[in-house]
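Enquirer: Provide a 3D model corresponding to the input given below.
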Amino acid sequence: MASSSSSSYRYQVFLSFRGEDTRLNFTDHLYEALRAAGVNTFSDDDELRRGEAIRVGLLRAIQGSRVSIIVFSRRYADSSWCLDELVEIIKCRRTVRQIVIPIFYDVDPSDVRKQSGSFGEAFGKHENRFASNLDRVLRWREALTEAAHLSGWDLRNRHEAKLIKKVVQSVSKELNCTNLFVALYPIGIESHVRAVNSMLDVEPNDKACVGIWGMGGVGKTTIAKAVYNQTDDGTFDGRSFLVNVREKWSQPNGPVLLQEQLLHDILKSEVHVGSVDQGIKVMEEMLSCLKVLILVDDVDHINQLNALARHNVWFGPGSRIIVTTRDEHVLRQLEVDAIYKVEEMNGTESFELFCLYAFRRSYPSEEYSEVSRMVVDYCGGLPLALEVLGSFLYRRSAAEWQSTLVKLKRSPRKDINKVLRISFDGLEDDVQSIFLDISCFFIGMKKDYVELILDGCELDAKTGINILLERSLLTIRENYGNDQLMMHDLLRDMGRDLVQEKFPKEPENWIRLWSPKVVSDVLRKQTGTKYVEGLTLNVEEEKKVSFSTKAFEKMERLRLLQLNHVQLNGSLEYLSEELRWLCWHGFPLAFIPNNFYLGNVVALDLQYSNLAHVWEEPKMLEKLKILNLSHSRNLRQTPDFSYILNLEQLIMMDCESLEEVHDSIGLLEKLVLVNLKGCTSIKKLPNSFGKLKSLKTLGFSGCPPFENSGDFAAMIFKSLKGLSISDLRPSRIVTRFRLVPTWLKQFRLMHCNLTDDAIPKELGSLPSLEFLLISESNVRYLPNLDGLSNLENLHLVDCDMLQSVPDLPTNLRFLLVRDCRELKRAPDMSRMTNLLALELSNCLNLVDVPGLNKLLTKSLRFLDLPEDHSMRTTLIERIIWVISFQILSPNFL
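Expert: Modelled structure (predicted):
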């Protein structure tokens, strides 16, 4: 699928390589992974060329590509064709800013850069062969030197599969793709995709809902994601992929959060709903005219679909819904249009997939051929088992293979848990502990956050997590720049089964407690023992429960504790001194008492607490790195930071009573993140704030103007990687704005009372900006915004003096202009071919919306005109024949 940012290119990626070196291994795998990710790739194989006629087509392919990937192998420089390609690629890099990514496959980058080693030998031959045309040879040398200096990947001594995934993710990011990662080796996927697509292939304006049904680990989600990727994004008004619905549904406020995610994915703006019923109403009102593609993954109850995907009612003509589940009955209840049953892989596909993970090629060496077939036979055609077992056996000795086969023979065939268990048993003890901690407590959390906590437990978390990723026991999902730890539900269930294995009937002796019922019973009966190291209990805020602190008296090894909206009665001295992670949302006390020992805590999360001040008496907490006190509405001041000198993240959002940031904050040399969003009572920041040299992310949107912000802004802005800001004084806007990072994606200028001379011209020069809000300003004219090529949302609210809006970027999807009473002329709408929603509410002097007729015949789905205005009637009369829009009441966004 070509992304919007690369729609003018014939190909998204041009792949240059020496066929005899890499055609049957790395390059073929990379090409298939790129295609599976929806990246339109031209693969050039120098061994397949015939004659000179191909040259014109080849040059067009290079020139028509957004990205070129060059796979440098030992014999790459032997080929004059490859070198001529490279010269053209470098030329495109210089002239049209083509992105060039080198990969060094079994070759030293310095050999490429200096033309030494095998590259030197090749050039010795070229200089003899082309003695009459040494300028051509010199161009080759220059191109090699330039390409080898570019940022890329060195494959030597690295895992090929892991690197391919990184390359695909990097390319997709460069192309601004919204596709999902499908699989490293998408063997056998195409036939499934064709079958599902045929079920979805109905009349263009008809709706279709297809269920994908099969046992766990058979590849349902993989198939659904591949179908999702092959659907042209421009065909739909919005797309959403809701992953792991079964697991998320059972979490506190899970149903509402899933509804909000769906609305956000499609409308590209934040929509908050208070309850499932309200969410249903919002979806009916806002999505009924939109053509959408929605993937609902891992459903196990009809209630989930009733709240998320009633396709016959909520979505517009042409919408497509895909549901994956292990329970066919759920699909029957939903009355889907068709059900696709996913069968296990056949023998040939199973063997190839296993070999790709076990040998990094599609076939084994002769020594391993027979044992490979026997191992594959025990995996029963389940892709997850083949992946996990193949990854486990990669680069293991023949003796280890035979040992694994013996273990498999002890297990019933197709008993996937026992197959997966073999990979777990092969882990070192510490890595096993990391796997079990993640399976019970940390799925879906940020990788960096979890690594920090587990490092505090004296586990080598970074190495352990990398091993789990290499063994396919863990995966990473990118979410708005954050790596989230994810785990297949079969692996998660296996981990939790292992925790129970030794004491199946005695949960009080389990090392990790995660089941709400089990945890409640253990705490209520006060039966917890010294074996318990981790415990989590999440309760919805309105259903608070209470237990005695004596329930923790014997849990002396407890290191991981999550008690959200739980009341504890009694002294906190009974809680373990070994705590590394304490997450206690709704902490009930006004301060942390002296007898609550937190000396080993690494991450302290007390959101929604009743704290008025943090400590009864401050104590030295040398290990504390993350402090999150957000939404603590009674908190008046931050702690004295001189007692927590190793703090790296300070998060205090929506602490509306917070008046003071302690001057000692300047002592925090390791602090990289400060978030004070919504702290409405802060009037001044200490000057020592400007000493935070490690600070990378700063948020204080919604805070009042700081009296002394100018004293340290320049110093801070130079290192910032993220910024949320509001309420700047007009006199400082221009000078401060020049320091704002150009990579910002969202920018809000609120309550700044901007005038024409104060609005920064640089506002139109933020190439990554996707969301822009200007509210409560006195500006009459806006700077040119046409250059904001990634802008999708523009909100202009309460700009009382605004008279006109300039031409806007054509990729804009949502334009909201509200309460701009002096606005007389809207921008030319004839160019806005991607605009889905237009609101011009309470703009009483608006007399013209040029190009609106043309817009209404194209993309527009929502239109809100000024109430009680003659223009409303006039426009309706002019466009009454158009049926692809609806007039909405104010606040539709």
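Enquirer: Poorly predicted segments of the stretch 1-150 of the chain, please.
Expert: Residue ranges of the stretch 1-150 of the chain with pLDDT under 70: 1-9, 44-56, 94-97.
Enquirer: And the helices in it?
Expert: 19-22, 26-36, 54-63, 80-96, 109-114, 117-129, 134-148 (DSSP state H, counting those that start in this stretch).
Enquirer: and the nearest residue to residue 633 once chain neighbours are set aside, how many neighbours does it have?
Expert: Nearest non-adjacent residue to residue 633, counting by CB to CB, 6 or more residues apart in numbering: residue 656, 5.3 Å away. Yep, even glycine has a C-beta here, placed from its N, CA and C like the rest. Residue 656 has 15 neighbours, counted by other CB atoms under 10 Å.
Enquirer: Could I get the phi/psi values of residue 656?
Expert: Here is the backbone geometry of residue 656 (degrees, to the nearest 10): phi -70, psi -20.
Enquirer: OK, contacts around it?
Expert: Listed by CB atoms under 8 Å, 6 or more residues apart in numbering, the contact partners of residue 656 are 633, 678, 679, 680, 681.
Enquirer: In helices, which of the residues you listed appear?
Expert: Using DSSP state H, the subset of the contacts of residue 656 located in helices is empty.
Enquirer: My guess is residue 185 contacts residue 350. True?
Expert: No: counting by CB atoms under 8 Å, residue 185 does not reach residue 350; the two are 11.9 Å apart.
Enquirer: Find the residues that touch each one of these two.
Expert: Between them, residue 185 and residue 350 share no contacting residue under CB under 8 Å, 6+ apart.
Enquirer: on that earlier part again, just among the contacts of residue 656, which is most surrounded?
Expert: Neighbour max across the contacts of residue 656 (other CB under 10 Å) = residue 679, 25 neighbours.
Enquirer: count of neighbours near residue 379?
Expert: Neighbours of residue 379 using other CB under 10 Å come to 26.
Enquirer: Find the nearest non-adjacent residue to it, please.
Expert: Leaving aside its sequence neighbours, residue 379 sits nearest to residue 385 (CB to CB, 6+ apart; 4.1 Å).
Enquirer: Doesn't that neighbour lie inside a helix?
Expert: Yes: counting by DSSP: H, G, I helix; E, B strand; the rest coil, residue 385 is found in a helix.
Enquirer: Not counting sequence-adjacent ones, nearest residue to residue 27?
Expert: residue 17 (4.6 Å).
Enquirer: looking at it, that neighbour is touching residue 68, isn't it?
Expert: No: with contact defined as CB under 8 Å, residue 17 and residue 68 do not form a contacting pair (11.1 Å).
Enquirer: hey, what's in contact with both of these two?
Expert: Contact criterion CB under 8 Å, 6+ apart; residues shared by residue 17 and residue 68: none found.
Enquirer: from the middle of its chain, how far away would stretch 594-612 be?
Expert: Distance, stretch centre to chain centre, for stretch 594-612: 29 Å (CA atoms, centre = their mean, to the nearest Å).
Enquirer: okay, how far is it across that stretch, tip to tip?
Expert: 15 Å (CA to CA, to the nearest Å).
Enquirer: What's the mean pLDDT across that stretch?
Expert: Stretch 594-612 comes out with an average pLDDT of 96.
Enquirer: Please list all residues in contact with the nearest residue to residue 434 once chain neighbours are set aside.
Expert: Ranked by CB to CB, 6+ apart and with sequence neighbours excluded, the top spatial neighbour of residue 434 is residue 464, at 4.0 Å. Applying CB under 8 Å, 6+ apart to residue 464 gives the contacts 430, 431, 434, 435, 454.
Enquirer: now swap in residue 101 and tell me
Expert: So residue 101 contacts 67, 68, 69, 70, 150, 151, 152, 153, 167, 170, 171 (CB under 8 Å, 6+ apart).
Enquirer: 7 Å - rerun?
Expert: 67, 69, 152 (CB atoms under 7 Å, 6 or more residues apart in numbering).
Enquirer: Ok, residue 518 next?
Expert: Shown in contact with residue 518 (CB under 7 Å, 6+ apart): residue 507.
Enquirer: so it is in which element?
Expert: Remark: residue 518 resides in helix 516-525, with elements defined by DSSP states H and E.
Enquirer: And the next helix or strand past that helix?
Expert: Counting by DSSP H and E, the next helix or strand C-terminal to helix 516-525 is strand 534-538.
Enquirer: Now render the contacts of residue 656 as a markdown table, adding pLDDT.
Expert: Listed next are the contacts of residue 656 as a markdown table, based on pLDDT from 0 to 100:
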| residue | pLDDT |
| --- | --- |
| 633 | 94 |
| 678 | 86 |
| 679 | 90 |
| 680 | 88 |
| 681 | 91 |
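Enquirer: I figured residue 534 hits residue 440, correct?
Expert: Yes: if you go by CB atoms under 7 Å, residue 534 and residue 440 touch, sitting 6.3 Å apart.
Enquirer: Between those two, which contacts overlap?
Expert: Joint contacts of residue 534 and residue 440 (CB under 7 Å, 6+ apart) are residue 512.
Enquirer: The two: who's more crowded?
Expert: residue 534 (25 against 22).
Enquirer: Now do the contacts for the more buried one.
Expert: 437, 440, 441, 512, 513, 559, 560.
Enquirer: go on, residue 242?
Expert: 258, 261, 262, 295, 296, 297, 308.
Enquirer: Show only the entries of these found in helices.
Expert: 258, 261, 262, 308.
Enquirer: Among those residues, give me the pair with the biggest separation.
Expert: The largest separation in the ones in helices among the contacts of residue 242, counting by CB to CB, is between 261 and 308 at 9.6 Å.
Enquirer: among the contacts of residue 534, which ones are buried?
Expert: 437, 440, 441, 512, 513, 559, 560 (16 or more other CB atoms under 10 Å).
Enquirer: Now intersect those residues with the strands, please.
Expert: 512, 513, 560 (DSSP state E).
Enquirer: who's the last one bridged to?
Expert: Read that as residue 560. Beta-bridge pairing of residue 560 under DSSP bridges involves residue 534, residue 581.
Enquirer: do the same with the second one
Expert: Listed by DSSP bridges, the beta-bridge partners for residue 513 are residue 535.
Enquirer: is it true that it touches residue 519?
Expert: Yes: using CB under 7 Å, residue 513 is in contact with residue 519, at 5.0 Å.
Enquirer: anything in contact with each of the two?
Expert: residue 535.
Enquirer: So which of the helices of the stretch 1-150 of the chain has the densest surroundings on average?
Expert: Most buried of those by mean neighbour count (mean count of other CB atoms under 10 Å) is helix 26-36; its value is a mean of 22.
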